[in-house]
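>>> Test case, fold it:
(2 chains)
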Amino acid sequence: MSKVIAAISTSVDGYIVGPDDRPGCGLGVGGERLHYWVMGGPWTYADDGRDTDGMQGADREYFETVTQGVTAGIVGRTMYESSGAWGGRNPFGGTLIVLTHRVEDQPPVSSGFLFVDGFDAALEKARELADGGGISLGGGADLIRQGLRAGVVDELAISTAPVVLGGGKRLFDGFEEDLELEVLGTWSSQFATHVRYAVKRTTEAS
Amino acid sequence: MGNAVLEMSVSVDGYVAGLDDGPDNPGGGVVERLHAWAFDEDFRWFRTEGVQGEMMRQVLEVGAVVVGRRTAEQVDHWGGAHPGGVDGSRRLPVFVPSHRPPGPTVADYPLVTYVPDIETAVARAKEAAGERDVHVIGAVTGQTGLAAGVIDILQLHYVPVLLGSGRRLFDLLPARVELEILRVVDTPEVTHVRYAVRR
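Numbering: from 1, shown residues only, chains lettered A, B, ... in the order given. Sure, this is the predicted structure:
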């Protein structure tokens, strides 16, 4: 059975994007700070390229451990849109499933994106594509909350950037489940504190 | 002069207390889940040994506290002074920012001082604390202090639990605050992250 990992970056006040996220401003106004750890230092939306070559030290160690063995991924439509569809091609290799109610404008197979309607259907497709490897829930917040509510998330990995954003979209807005976690590992750099948590299963979980 | 430290145990989903937090139910039913790391086994006193003990000693060795009126009144100002020192025997001065005059018991508490705003509270507490730090207590007071730019250190203790409801540490702070990670202490029970507030 594939392991499901929800991994995301947040601010100290719990926002996964700052205010007004949109194409060209994917992490919201001032939200670049959330991904300094990804880029290996300060960057802005105006910079060219969005690769992870600059990632270093503990940030890279964390990234490698959390992505190791992951062979399929799901993202929400809003994240897909606000990233500008990563320039029209899935940068993560393989097929990236995009969870959306609007599947009519399905992108070509060569883009590496596959639109799927409904969380359960998306997860089923991901399990098929993963072929026993791990499945990442890359965000946004709503996708991760759906996964946690459905009781299918094995691991929650949170990278907390040292900033209070003061607004945006909260990871746990409207999330009302009470769940015990277990710390699996911690990595820290000047740009973020990364903690991997196992989500403990309760007996009444579906 | 010492630092003004806002110190909080917080769940991974950002809560510092339960929703029904009140005088009859301090902490709102989640005290044990959020604060177990800080106490000895029977919750009589704080741990003062080991990694968690080192964290608690930083809190116990402060020179004064700033606390919101709500919390202060819930515990009747700790009977006139906040317990400090490793064994709780030091009596620490307490500063409460509030626009309204204090309640009747405060007249008997020479170490408890009501001041009009958070800036004054932190400034007076730092004077009283000398070289020691000032412990800022309470989510609302802490956020007000961060917005006013008078908090120097944010010490968070991230507890591995999702509570699903409660009072958030950051609920009313609309301001952007840049932080710097000073120290991360990783334990199975809790992840301690110490941030400096950048000016």
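
>>> need the helices for chain A, in chain order.
Remark: helices assigned in chain A by DSSP state H are A:36-39, A:57-67, A:77-82, A:119-130, A:141-149.

>>> got the angle for the longest one vs helix A:141-149?
Per axes from the mean of the first three to the mean of the last three CA atoms, to 10 degrees, the angle that helix A:119-130 makes with helix A:141-149 is 90 degrees.

>>> low-scoring pLDDT stretches of chain B, where are they?
B:23, B:26, B:28 (pLDDT under 70).

>>> Dump the helices of chain A into TSV; add mean neighbour count and mean pLDDT as well.
Placement of C-beta: from N, CA and C, glycine included. TSV is the format used below for these (neighbours: other CB atoms under 10 Å in any protein chain shown; pLDDT from 0 to 100):
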stretch	mean neighbour count	mean pLDDT
helix A:36-39	24	94
helix A:57-67	18	96
helix A:77-82	20	91
helix A:119-130	18	96
helix A:141-149	21	96
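
>>> among those, which is nearest chain B?
Smallest distance to chain B across the helices of chain A (CB to the nearest CB): 7.5 Å, for helix A:141-149.

>>> what's that closest one in contact with?
With contact meaning CB atoms under 8 Å, 6 or more residues apart in numbering or on different chains, helix A:141-149 is reached by A:4, A:6, A:8, A:16, A:74-76, A:78-79, A:99, A:119, A:123, A:137, A:153, A:156, A:169-175, A:177, A:179, A:199, B:162.

>>> what about 6 Å?
A:A6, A:I16, A:G76, A:L99, A:F119, A:L137, A:V153, A:K169, A:L171, A:F175 (CB atoms under 6 Å, 6 or more residues apart in numbering or on different chains).

>>> Give me the subset of those lying in strands.
In this view, the contacts of helix A:141-149 that belong to strands under DSSP state E are A:A6, A:I16, A:G76, A:L99, A:L137, A:K169.

>>> Can you give me the neighbour number for the fourth one?
Okay, so that is A:L99. 26 (other CB atoms under 10 Å in any protein chain shown).

>>> residues contacting it?
By CB under 6 Å, 6+ apart, A:L99 lies in contact with A:I74, A:G76, A:A122, A:L143.

>>> Tell me the predicted confidence for the first one.
For A:I74, the pLDDT comes out at 97.

>>> Give the bridge partners for it, please.
A:I97, A:L137 (DSSP bridges).

>>> contacting residues for the residue nearest to A:R170 when sequence neighbours are not counted?
Using CB to CB, 6 or more residues apart in numbering or on different chains and skipping residues adjacent in sequence, the residue nearest A:R170 is A:G14, 4.9 Å away. With contact taken as CB under 6 Å, 6+ apart, A:G14 is in contact with A:R170, A:L171, B:G14.

>>> now the residues you listed in CSV, with neighbour count and distance to B:Q143?
Below are the contacts of A:G14 laid out as CSV (neighbours: other CB atoms under 10 Å in any protein chain shown; distance: CB to CB, whole Å):
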residue, neighbour count, distance to B:Q143
A:R170, 22, 15
A:L171, 25, 19
B:G14, 24, 12
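
>>> Now distance to B:D40 too, for these, in TSV please.
Listed next are the contacts of A:G14 as TSV, based on distance: CB to CB, whole Å:
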residue	distance to B:D40
A:R170	35
A:L171	33
B:G14	27
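
>>> Pull out the buried positions in stretch B:40-57.
For stretch B:40-57, burial by neighbour count (16 or more other CB atoms under 10 Å in any protein chain shown) applies to B:F46, B:R47, B:T48, B:Q52, B:M55, B:M56.

>>> Do I have it right that the first one meets B:E54?
No: between B:F46 and B:E54 there is no contact, the gap being 11.2 Å when judged by CB atoms under 6 Å.

>>> Can you give me the neighbour number for B:Q74?
Count around B:Q74 with other CB under 10 Å applied: 18.

>>> what do you get for B:D87?
There are 11 residues near B:D87, going by other CB under 10 Å.

>>> ok, what's across the strand from A:E180?
Beta-bridge pairing for A:E180 (DSSP bridges): B:V161.

>>> Show me where chain B has its helices.
Applying DSSP H to chain B gives helices spanning B:31-35, B:50-60, B:69-74, B:118-129, B:139-148.

>>> And the ones you listed: which comes nearest chain A?
Closest to chain A of the helices of chain B, according to CB to the nearest CB: helix B:139-148, at 7.0 Å.

>>> most centrally placed residue in the chain?
Reading this off chain A. Most central in chain A under CA atoms, centre = their mean is A:G138, positioned 2.2 Å from the mean C-alpha point.

>>> not what I meant, chain B
Central residue of chain B (CA atoms, centre = their mean): B:I137, at 2.8 Å.
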